[in-house]
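Colleague: below is the sequence, then the predicted model.
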Amino acid sequence: MKTFEDFEKMAMLDLSEKERAHLCERFEEIVTGFSALDEYDTDGVEPIVTVLDMNNIMRDDVAVKMISRNELLTNAPEQQDGYFHAPAI
């Protein structure tokens with residue numbers, strides 16, 4: 001089982017003893033809070049990703065030509081071979 005020092009090394013942290021003690025207390029509170037969930041029987045309960053009753057609320061991704069290339073390029077300060085011409089970076 002991983003120790004707090006293992007997680008500290010993975011996160012590349014260099015904590016003082018006071019900081020480490022404080023974080024250990026907070027993590028212990030979090031673990032204790034989650035362990036309360038062990039009291040519930042979850043056999044046969046399907047895992048869910050969201051509690052909202054929605055499937056796909058996104059619109060269909062349909063390509064629609066809004067403006068022609070020539071119209072678009074009329075606003076370009078510089079163009080070359082039908083493309084915007086920009087300085088090299």
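Modeller: Looks like it arrived, so ask away.
Colleague: hey, where'd the helices end up in the chain?
Modeller: 4-10, 17-35, 69-73 (DSSP state H).
Colleague: is it possible to get TSV of these that adds mean pLDDT, distance to residue 80 and mean neighbour count?
Modeller: Quick note: C-beta positions are derived from backbone N, CA and C, even for glycine. Output for those, formatted as TSV (pLDDT from 0 to 100; distance: least, CB to CB, whole Å; neighbours: other CB atoms under 10 Å):
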stretch	mean pLDDT	distance to residue 80	mean neighbour count
helix 4-10	83	50	12
helix 17-35	89	57	11
helix 69-73	86	10	11
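Colleague: nearest to residue 50, out of these?
Modeller: Comparison of the helices of the chain against residue 50 by CB to CB identifies helix 17-35 as nearest, at 19.7 Å.
Colleague: for the most centrally placed residue in the chain, give its distance to residue 55.
Modeller: Centroid-nearest residue in the chain: residue 49, 14.5 Å away (criterion: CA atoms, centre = their mean). Distance from residue 49 to residue 55, counting by CB to CB, to the nearest Å: 11 Å.
Colleague: quick one, which of the helices of the chain is nearest to residue 88?
Modeller: helix 69-73 (19.6 Å).
Colleague: distance between the closest one and the chain's centre?
Modeller: Helix 69-73 has its average C-alpha position 36 Å from the chain's average C-alpha position, going by CA atoms, centre = their mean, to the nearest Å.
Colleague: which residues sit against that helix?
Modeller: With contacts defined as CB atoms under 8 Å, 6 or more residues apart in numbering, helix 69-73 is touched by 79, 82, 84.
Colleague: if we can go back for a sec, just send the helices of the chain back as a markdown table, with distance to residue 45 too.
Modeller: As requested, the helices of the chain are exported to a markdown table (distance: least, CB to CB, whole Å):
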| stretch | distance to residue 45 |
| --- | --- |
| helix 4-10 | 30 |
| helix 17-35 | 17 |
| helix 69-73 | 54 |
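Colleague: so for residue 61, which of these sits nearest?
Modeller: helix 69-73 (21.1 Å).
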